[in-house]
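>>> I would like to see how this sequence folds:
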Amino acid sequence: VPAALLGSSLLRRPAALGAAAAARCAPARESHGPPRQQHGSSRAASLHWTGERAVSVLLLGLLPAAYLCPGPAVDYSLAAALTLHGHWGLGQVITDYVHGDVPNKAANMGLYVLSALTFAGLCHFNYHDVGICKAVAMLWSL
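The predicted structure is shown next:
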């Protein structure tokens, strides 16, 4: 129905609805991060999104490189890229499913500890054992 036929009085929201109804009718925020407060945070979100895409593309390039020319440089690059990719992915899970200030801070602290231990473990495996590339090749040869 065209707006001209309804008249302006029918298009206005009744004052009785108040702020509660206005909040329900407000557009939902994206679930991929905190609400935007200023222009700087939207730039940071854009850079974060670009970084996530760059790491994903890097991983796509590292997989054939790990098969074609395995070595320490590829092993450590995989360790860093896989850890960062997992850290950002689990960070989104925390953003989506952990609510409240204290649980959110605890979950994020746990994520940082887990990511640091993962990276340290992969680096230890690369340095003291066969490395990620060789280990995957050994699994494929079974």
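
>>> so where is the chain shaky, pLDDT-wise?
Along the chain, segments meeting pLDDT under 70 span 1-40.

>>> where exactly do the helices run in it?
For the chain, the helices defined by DSSP state H cover 3-6, 8-11, 18-25, 39-68, 72-97, 101-128, 132-140.

>>> Give me the phi and psi for Val129.
In this structure residue 129 is Asp, not Val. Per-residue torsions, Asp129: phi -130, psi -150 (degrees, to the nearest 10).

>>> Show the contacting residues for it.
Ala135 (C-beta atoms under 8 Å, 6 or more residues apart in numbering). Yep, even glycine has a C-beta here, placed from its N, CA and C like the rest.

>>> What of Phe119?
Phe119 touches 79-80, 83, counting by C-beta under 8 Å, 6+ apart.

>>> if you set the cut-off to 6 Å instead, what comes out?
Taking C-beta atoms under 6 Å, 6 or more residues apart in numbering, we find Phe119 in contact with Thr83.
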